[in-house]
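Asker: Whatever this is, show me its structure:
(4 chains)
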Number of protein chains: 2
Amino acid sequence: MDDFLAYLLQFGSLNHQQLDLIASKATPLFLLKEAYFLEAGQVTRRVGFVLEGVLRICYYNNQGQEITRNFIDELHLATDLRGLEYGLTSAEYVQAVTDCRLLVFTKRDWDELGNTIVGWRDILHQVTTKHLREKLARISPLVSQDATTRYLEFLENYPQLANRIPLAHLASFLGITPSSLSRIRKNIR
Amino acid sequence: MDDFLAYLLQFGSLNHQQLDLIASKATPLFLLKEAYFLEAGQVTRRVGFVLEGVLRICYYNNQGQEITRNFIDELHLATDLRGLEYGLTSAEYVQAVTDCRLLVFTKRDWDELGNTIVGWRDILHQVTTKHLREKLARISPLVSQDATTRYLEFLENYPQLANRIPLAHLASFLGITPSSLSRIRKNIR
DNA sequence: AGCGCTTTTTGCCAAATGGCAAGTGCTGGC
DNA sequence: GCCAGCACTTGCCATTTGGCAAAAAGCGCT
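Answerer: The predicted model follows:
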């Protein structure tokens, strides 16, 4: 829990009472590897915060292939912020890549905090912004470079992630086939 | 000017007086093709809103190649929101691809509106979020697909943009060489 | 219209990547 | 310990894309 409160405090100050209130709304959730946290076609009704483990965001493209669009690891939010805000159904799944420990808030509680805690909306906005910027920063470098460079850059920026993700998912995220990634790894040593 | 006010009104309501105040802060700016609106290494001190024309966001990668990371067209913001907010220098240029007409606000005025207009901060939040989501939506599909698909998808989503952008910039954005894009175009007809 | 410049197209070949299938290695259940 | 299942590697070949350079087309200027 402290991890989450520390996460929030980077965006604004909250007093003891407020922190307690926030903490009282959180429910721990344990996800087994492969379990889904969010499913496509549904409207998100909760927000997860990853305490431990890795999840991935994925979808099926028009050829029916499963594409991994992004990863979520410790101290990051697992949710569909757009769906949460506008009540839209999601086109993406969020699935546990490893066993995961999360803190979960219902949409109702999450929103309700906005009516109780001064500055909560502002914090949420910063959370959203940071979340989007991180996504963008992870995806942007994947364009305009060859596969080896993409892989190396990922390794450099997310070293703690690379070895926890099955090769197939990582390859999909990088936009290459598993065979290609395997060959790239071989050539690097 | 009305275009910009309409843009703002989609995010929240503003009365006549507030709209007048906002309008009074805007300065028109005409940019010739190729002119820079923002330069890398500097801290942004202004926010532009594109009334007419197309700009591109670009940078130089570690091999000295110029990469186009994104495009900005009518009714979108031209600025470095992160630099604006945190006073960071930008690594990216913003350059006019065609002649452009912009509305420009100084950072000072832009921020000052927050002290005068109730709800301005909230509107800015929404603007920022929308801006980031649009960037993400434009870049995400560029991964995990072959060059032809990437081009077709861009054509479909931004038909009004494709024919106003020099081939070389578009190719760079799509992560392929100009020759390849030229060949792709040929094969499509 | 004619010239010089830039942009786009094309050809040629090399390199990178994909598709498929077989092989290898690891892991967990019995 | 053995087997089944899965993940990863590798080989082979087809396809895509890149690099380079020349040709063609477009564009502004005189």
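
Asker: So which bits of chain A are right by DNA strand C?
Answerer: Proximity of chain A to DNA strand C is confined to A:146-148, A:175-177, A:179-180, A:183-184 under the rule CB under 7 Å from any atom of the strand. No exception for glycine: its C-beta is placed from N, CA and C like everyone else's.

Asker: Check those residues for burial and list the buried ones.
Answerer: A:147-148, A:175-176, A:184 (16 or more other CB atoms under 10 Å in any protein chain shown).

Asker: what subset of those is also close to chain B?
Answerer: Counting by CB under 8 Å from any CB of the partner chain, residue A:175 from these sit close to chain B.

Asker: Please tabulate the buried ones among the residues of chain A next to DNA strand C in CSV, including the columns pLDDT and secondary structure.
Answerer: Shown next, in CSV, are these (pLDDT from 0 to 100; DSSP: H, G, I helix; E, B strand; the rest coil):
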residue, pLDDT, secondary structure
A:147, 93, helix
A:148, 94, helix
A:175, 94, coil
A:176, 95, coil
A:184, 95, helix
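
Asker: Include distance to DNA strand D when you put the buried ones among the residues of chain A next to DNA strand C into CSV, please.
Answerer: Formatted as CSV, these follow (distance: CB to the nearest atom of the strand, whole Å):
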residue, distance to DNA strand D
A:147, 10
A:148, 12
A:175, 11
A:176, 11
A:184, 9
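
Asker: Verify the stated contact: residue A:54 with residue A:72.
Answerer: Yes: Residue A:54 is in contact with residue A:72 according to CB atoms under 8 Å; the separation is 7.0 Å.

Asker: ok, of the buried ones among the residues of chain A next to DNA strand C, which one's closest to residue A:140?
Answerer: residue A:175 (12.8 Å; CB to CB).

Asker: In contact with that closest one, which residues are there?
Answerer: Going by CB atoms under 8 Å, 6 or more residues apart in numbering or on different chains, residue A:175 touches A:142, A:147, A:150, B:143-145.

Asker: In those residues, which has the lowest confidence score?
Answerer: Among the contacts of residue A:175, residue B:144 carries the weakest pLDDT, at 77.

Asker: ok, for it, nearest residue in space, not its chain neighbours?
Answerer: residue A:175 (4.2 Å; CB to CB, 6 or more residues apart in numbering or on different chains).

Asker: Then residue A:121?
Answerer: residue A:114 (5.0 Å).
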